[in-house]
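Student: One predicted model, sequence on top.
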Amino acid sequence: MTTDLKYAHILVDDEGVARVERLPRIRVAQIVADHLAHGWQAEDVCREYPHLRPAEVHSAFAYYFDHVDAIEGEIERELKMVDEPADQDPSLLRRKLKKLRSA
């Protein structure tokens, strides 16, 4: 894992979660999940999520390729949460993650 590099457009929060700086609700793991699940490249992500700028998506991919274990671990933890039974109706996030898992 590379820890001494700076990634334009990417911030890592106090919990170690990488996010798009301009849109901190968007995590690198979310962008990568579409790459892994659908085979989307940067151009595909930009087309599907026009609010993301190409430079942000490319930076997210660069961060991922330098931190594969951490990002894939984050995705795996989310997928495990999807598999756990919910006490109430599943949230939109839970439904989306479950759909990604079955793809």
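Tutor: Arrived safely, thanks for sending. Numbering: from 1, shown residues only.
Student: quick one: buried residues of stretch 63-72?
Tutor: By neighbour count with 16 or more other C-beta atoms under 10 Å, stretch 63-72 contains the buried residues 63-64, 67, 70-71. Using the backbone N, CA and C atoms, a C-beta is placed for each residue, glycine as well.
Student: Actually, stretch 96-103.
Tutor: 97, 100.
Student: The protein: helices as residue ranges?
Tutor: In the chain, the helices defined using DSSP state H lie at 28-38, 42-48, 54-66, 68-83, 92-102.
Student: Could you provide these in TSV, with additional columns for mean pLDDT?
Tutor: Below are the helices of the chain laid out as TSV (pLDDT from 0 to 100):
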stretch	mean pLDDT
helix 28-38	95
helix 42-48	97
helix 54-66	98
helix 68-83	89
helix 92-102	79
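Student: Now render those as a markdown table, adding distance to V12.
Tutor: Shown next, in a markdown table, are the helices of the chain (distance: least, C-beta to C-beta, whole Å):
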| stretch | distance to V12 |
| --- | --- |
| helix 28-38 | 9 |
| helix 42-48 | 20 |
| helix 54-66 | 9 |
| helix 68-83 | 10 |
| helix 92-102 | 21 |
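Student: Figure out which of those helices is closest to E15.
Tutor: Closest to E15 of the helices of the chain is helix 68-83 (C-beta to C-beta; 10.1 Å).
Student: Quick one: neighbours of V20, just the number.
Tutor: Neighbourhood size, V20 [other C-beta atoms under 10 Å]: 22.
Student: check contacts around it.
Tutor: V20 makes contact with 9-11, 26-28, 31, 52, 56, 60, according to C-beta atoms under 8 Å, 6 or more residues apart in numbering.
Student: Not counting sequence-adjacent ones, nearest residue to V12?
Tutor: Excluding the flanking residues, the one nearest V12 by C-beta to C-beta, 6 or more residues apart in numbering is A18, at 5.1 Å.
Student: how near is K80 to R101?
Tutor: 10 Å (C-beta to C-beta, to the nearest Å).
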